[in-house]
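>>> model this:
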Amino acid sequence: MPRGKSQQPEPTVHAPYGELPRDGTVRPMTRWGAPVMHHAQRPVETYDDALRSLVADMTATMYAADGVGLAACQIGVDLAVFVFDCPDASGDHWAGVVCNPRLVLPEGRERRLDDSEEGCLSFPGAFVPCARPDFAAVEGHGLDGEPVRFEGDGLLARCLQHEIDHTAGTVFGDRLATRARKKLQKQHDAAVPDYPAEWPT
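Reported below is the predicted structural model:
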């Protein structure tokens, strides 16, 4: 998920389960339409050096693309894992890795929708409003298989939902009405020259 038009980098990052690995290689972004983007991802079953290397590459690619979240399928890997480094509504940044994520959303009177703009690094250059709950939590496992839980509001809530969608084979365009999807497509088509096939390498 991209940072968004009005978001600025924030130097202080909370990483309660450890910092994101920083020794990875930037990979080209996989785009909507690639089969791996449109089916549920395989669960992570082995927590080893290969997983850590993949997550390092995901992290490097996310930062190179100025994103706040990235799922493995976005670099062409069929595995249910995502990384994020994203601000909440207060501006505090939270970062982490979640394998085999499970989404927890408010219910009843606690559930409120936020219709802010949303974009996707795998469909770059386009943003349209997309209604999502304004608070979200995710539970899953970290790089070593340990239980992890992250929660938050603002852009962080949107990011967690967006990346979990990717692990389920859903792109946020699937959630849009026809008119909004056409607007998204038009913006993306206009931005194609800015995002060549090898971007962000």
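
>>> contact partners for the residue nearest to residue 152 when sequence neighbours are not counted?
Computed as CB to CB, 6 or more residues apart in numbering, the closest residue to residue 152 that is not its neighbour in sequence is residue 88, at 4.1 Å. (Each C-beta comes from the backbone N, C-alpha and C, glycine too.) When contacts are counted by CB atoms under 8 Å, 6 or more residues apart in numbering, residue 88 touches 94, 152, 153, 154, 155, 156, 157.

>>> who's in contact with stretch 49-58?
Here stretch 49-58 has contacts from 20-27, 44, 70-72, 74-75, 77, 79, 81-83, 97, 99, 143, using CB under 8 Å, 6+ apart.

>>> if we go to 7 Å?
Where contact means CB atoms under 7 Å, 6 or more residues apart in numbering, the residues beyond stretch 49-58 that reach it are 21, 23-25, 27, 44, 70, 72, 75, 77, 81, 83, 97, 143.

>>> could you pick out the buried ones from these?
Of all the contacts of stretch 49-58 considered here, the ones buried according to neighbour count by 16 or more other CB atoms under 10 Å are 21, 24, 27, 44, 70, 72, 75, 77, 81, 83, 97, 143.
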